[in-house]
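Trainee: what shape does this take:
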Amino acid sequence: MPKIADIEDTPNPNAVKFVLKDRLTWGTARSFDSAEAAAADPLASQLFAIAHVTNVYYMDKWITVTQDGEADWPTLLRKIAMPIREAEAAQKPDAQPASNYVNDDPRLAAIRKLLDEEIRPALMADGGDLEIESLEGNLLKIHYFGACGSCPSSLSGTLWAIGNLARTIEPDIEVEVV
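Mentor: Model prediction:
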């Protein structure tokens, strides 16, 4: 049963990040944007059963829960904390899958490396993350998760920073959120 070490505000006023003392996963991110998508995940299903919850994203020792903006945070936090405390802590796997971008287009591998080093740690610290969906020609398509999914700063400042980093690899790259 994970114990909650801290509850942190995020740049998204509709999302909070719970920092845990125990792991929910070992390097595997889980993201759900509906109760239907969360049906096979016991923790996410319980969280979506709480009125106003619209998104659940968790990885390792943290979980971000986003609400619709209609709930009172202090009341909602108490309801959300219960299933988090009751969740099963993850057992350490025998082996960790390695991030391997060897088969990527060299431009895409270089962009992934830059984002992994420069952008993703900050997003994770704020209760979110991103994934590159594709690089088609000079169009880089990304998808935000967790607190970043509906955060105004992700769709402006962070997107601008991602574009600038990508353009150090390929000057004509444009970035689009999917």
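Trainee: Thr54 - that's part of a helix, no?
Mentor: No. Read with DSSP: H, G, I helix; E, B strand; the rest coil, Thr54 is strand and lies in no helix.
Trainee: now do it: how many residues are near it, please.
Mentor: The tally of other residues near Thr54 (other Cβ atoms under 10 Å) stands at 19. For glycine as for every other residue, the C-beta is placed from the backbone atoms N, C-alpha and C.
Trainee: test my guess that it contacts Asp33.
Mentor: Yes. Contact criterion Cβ atoms under 8 Å: Thr54 and Asp33 qualify, at 7.3 Å.
Trainee: list the buried residues of stretch 39-52.
Mentor: Buried residues in stretch 39-52, counted by 16 or more other Cβ atoms under 10 Å: 43-48, 52.
Trainee: in the protein, what residue spans correspond to strands?
Mentor: 4-9, 15-20, 30-32, 53-59, 62-67, 128-136, 139-146, 174-177 (DSSP state E).
Trainee: out of the ones you listed, nearest to Ala38?
Mentor: Ranking the strands of the chain by proximity to Ala38 (Cβ to Cβ) places strand 30-32 first, at 3.9 Å.
Trainee: what does that closest one rub up against?
Mentor: Residues from elsewhere that reach strand 30-32 (Cβ atoms under 8 Å, 6 or more residues apart in numbering): 24, 38, 41, 44, 48, 55-59, 145-146.
Trainee: that strand pairs with which strands?
Mentor: Applying DSSP bridges to the sheet, strand 30-32 is found paired with strand 53-59 (antiparallel).
Trainee: one step back: closest to Val175 among the contacts of strand 30-32?
Mentor: Phe145 (16.1 Å).
Trainee: contact partners for the closest one?
Mentor: Phe145 touches 29, 31, 57, 128-131, counting by Cβ under 8 Å, 6+ apart.
Trainee: domain parsing for this structure?
Mentor: Domain assignment for the chain by automatic domain parsing gives 4-86, 106-177.
Trainee: and Asp94, which of these is closest to it?
Mentor: Among those, domain 4-86 comes nearest to Asp94, with 10.3 Å by Cβ to Cβ.
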